[in-house]
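> mind looking at a prediction? Sequence and model below.
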Amino acid sequence: MAVTTHPDYVPTMQKAAAIVTDEGGITSHAAIVSRELGIPCVVGTKTATKTLKDGDYVEVDGGRGIARIIKKS
């Protein structure tokens with residue numbers, strides 16, 4: 001999770017199982033990179049960095065635009 005992504009984040013994004021951001025839209029950097037990497041992505045949540053914590057298990061449904069906590073750390 002991040003407020004937004006930048007090209008400097010790509011090495012970390014390549015290791016991620018999914019990407020969730022507070023800001024962005026369908027043409028944002030996070031959306032484009034995740035599509036190229038073939039990993040789920042939800043952008044524009046507005047509150048992901050406040051709601052999600054390190055160690056939380058999160059289900060990310062990029063098709064429906066939903067990121068939900070399935071187990072808190």
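Sure thing, it's come through.

> quick one, strands of the chain?
Using DSSP state E, the strands of the chain run over 19-20, 41-42, 57-61, 66-71.

> list the contacts for the closest residue to Asp22 other than its chain neighbours?
Leaving aside its sequence neighbours, Asp22 sits nearest to Val3 (Cβ to Cβ, 6 or more residues apart in numbering; 4.7 Å). (Each C-beta comes from the backbone N, C-alpha and C, glycine too.) Shown in contact with Val3 (Cβ atoms under 8 Å, 6 or more residues apart in numbering): 21-23, 49.

> in PyMOL, how would I select just the buried ones from these?
The command below creates a PyMOL selection of those among the contacts of Val3 that count as buried (16 or more other Cβ atoms under 10 Å):
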select buried, resi 21+22+23+49
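
> filter the contacts of Val3 down to the ones in helices?
Per DSSP state H, helices hold the following members of these: Thr49.
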